[in-house]
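K.L.:
Sequence isn't available, so here's the structure alone:
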């Protein structure tokens, strides 16, 4: 900042005669104070002076090119994502249409083609009250040329594992024999013992043979 210094020790002729001092620029001097203020690493770690790293123009062009490439790639990903969502929605609608058309027909067919033959404890003899199920199985198989019958025999949890395995097989074979008597070829019937069954929560009901008529495609 500039300032002027007056030499108060200098006296003029009037001063010597007892008059007031007279300020004369010839006895004054001028000063100018100049300085630089620099802040060393303040609280946020910055300085008043920042050294800028010079960039090469080729480097700048390369960075801009990479940014543009990534933007284009992002746009492509978004477009692909939208296309996938559209295709998925179309497939979901197609599946729903297919299920709505075939669900009732399939359930009814399966109910008609599955029969259960129940047995007494420790027995593989088909009781008289179970024979209508044998007749209906045979009727369905005869009405559908090329149909096969799968018979799976089960036992309840009573008795040993070895005994129940043999008993389950005997029950499956008993159903197969009854179906053959109804005119179904033995080669069209598969009889398998499955051992202890868990088809039903009630233990007694698992003394059963599950019979399924498999229709040709």
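P.N.:
Noted; the coordinates are in hand. These numbers were taken from a predicted model, which means no experiment stands behind them. Numbering: from 1, shown residues only.
K.L.:
helix or strand right after the lengthiest helix in the chain?
P.N.:
Longest helix in the chain, counting residues (DSSP state H): helix 57-113. Next helix or strand after helix 57-113 toward the C-terminus (DSSP states H and E): strand 114-118.
K.L.:
list the helices and strands that following strand packs on?
P.N.:
In terms of contacts (3 or more CB pairs under 8 Å, 6 or more residues apart in numbering; DSSP states H and E), strand 114-118 is packed against helix 131-143, strand 208-214. Glycine gets a C-beta too; all of them are placed from N, C-alpha and C.
K.L.:
between the ones you listed, which gets nearest to residue 58?
P.N.:
strand 208-214 (74.0 Å; CB to CB).
K.L.:
Quick one: neighbours of the residue nearest to residue 214 when sequence neighbours are not counted, just the number.
P.N.:
Leaving out its chain neighbours, the residue that sits closest to residue 214 by CB to CB, 6 or more residues apart in numbering is residue 148, at 4.5 Å. The number of residues packed near residue 148 is 17, by other CB atoms under 10 Å.
K.L.:
Ok, the one 5 residues further on next?
P.N.:
Burial measure for residue 153: 30 neighbouring residues, criterion other CB under 10 Å.
K.L.:
so which strand or helix has it?
P.N.:
Going by DSSP H and E, residue 153 is part of strand 148-155.
K.L.:
Mind checking the pLDDT average for that strand?
P.N.:
Here strand 148-155 scores 95 as its mean pLDDT.
K.L.:
got the angle between that strand and strand 208-214?
P.N.:
Angle between the axes of strand 148-155 and strand 208-214 is 170 degrees (criterion: axes from the mean of the first three to the mean of the last three CA atoms, to 10 degrees).
K.L.:
Which SSE is immediately downstream of strand 148-155?
P.N.:
helix 161-181.
K.L.:
Now the helix or strand just after that next one: buried residues?
P.N.:
With elements assigned by DSSP H and E, the helix or strand that comes after helix 161-181 is strand 189-196. Of all the residues in strand 189-196, those buried under the rule 16 or more other CB atoms under 10 Å are 189, 191, 193-196.
K.L.:
So, low pLDDT: which residues of the chain?
P.N.:
Across the chain, the ranges flagged by pLDDT under 70 are 1-32, 34-53, 55, 98-112.
K.L.:
about what we covered before: could I get the helices and strands packed on strand 114-118 as TSV with mean neighbour count and distance to residue 68?
P.N.:
What follows is the helices and strands packed on strand 114-118, written out as TSV (neighbours: other CB atoms under 10 Å; distance: least, CB to CB, whole Å):
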stretch	mean neighbour count	distance to residue 68
helix 131-143	16	69
strand 208-214	22	62
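K.L.:
out of the ones you listed, nearest to residue 72?
P.N.:
Closest to residue 72 of those, according to CB to CB: strand 208-214, at 56.1 Å.
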